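K.L.:
okay, predicted coordinates and the sequence, questions at the end:
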Amino acid sequence: MKISETLLPEFDQEMANTRKVLERVPDGKGDWKPHPKSSTFGALTAHIANMPDWAGLTMQSDSFDYAPPGAPPYQTPKFGSNKELLAAFDKSVAEARAALAAADDSKMLGPWTLMAGGKTLMTMPRIAVIRTFVMSHTVHHRAQLGVYLRLNDIPLPQLYGPTADEK
């Protein structure tokens, strides 16, 4: 069995759960944040919706410099509505899934490098990048988003089991 075949069921479950949470995000709250040091609702949801893009990027390139010397730094896309956000997320998930499904084991085990300003921040096998910087990172921020929803009295969906809102 290919590495990608063992990864895809987890990817599918986490992306479906992430979509459930993103669906709850209300329009008109983009500037809200729970604390001055926190991201806004809009920035957090855009970051989450964009994370699957990193899977395709990781599988289709050997490195990425998010602040390349002499060029503008990477900017997370912004969305005008939850409908736009969900459409972008769905597209990103479909493209990421296709890239993962197409990858052979040598590609999954090959190195990938994240850079900033031409300097290497880390190099890992692609499978480790997918697991940590795509999937675990998504779950981490999805949990933050759950707190944002709770603080705005928006019911939380079931992910791994019942919530106080859905039994």
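P.N.:
Thanks, I have it.
K.L.:
return the set of buried residues in whichever helix or strand G56 is part of.
P.N.:
Assessed by DSSP states H and E, G56 sits inside helix 41-60. Across helix 41-60, burial judged by 16 or more other C-beta atoms under 10 Å covers 41-42, 44-59. Backbone N, C-alpha and C define where each C-beta goes, glycine included.
K.L.:
again, but for stretch 106-123
P.N.:
Within stretch 106-123, the residues scored as buried using 16+ other C-beta under 10 Å are K107, M108, W112, L114, M115.
K.L.:
returning to what we had before: who are the packing partners of the helix holding G56?
P.N.:
Here helix 41-60 touches helix 3-23, helix 82-102, helix 126-129, helix 137-151, going by 3 or more C-beta pairs under 8 Å, 6 or more residues apart in numbering; DSSP states H and E.
K.L.:
let's have these in TSV, adding distance to D65.
P.N.:
Formatted as TSV, the helices and strands packed on helix 41-60 follow (distance: least, C-beta to C-beta, whole Å):
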stretch	distance to D65
helix 3-23	25
helix 82-102	20
helix 126-129	15
helix 137-151	18
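K.L.:
using TSV, lay out those helices together with distance to G70, mean neighbour count and mean pLDDT.
P.N.:
Shown next, in TSV, are the helices and strands packed on helix 41-60 (distance: least, C-beta to C-beta, whole Å; neighbours: other C-beta atoms under 10 Å; pLDDT from 0 to 100):
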stretch	distance to G70	mean neighbour count	mean pLDDT
helix 3-23	35	16	97
helix 82-102	28	17	97
helix 126-129	25	21	98
helix 137-151	28	17	97
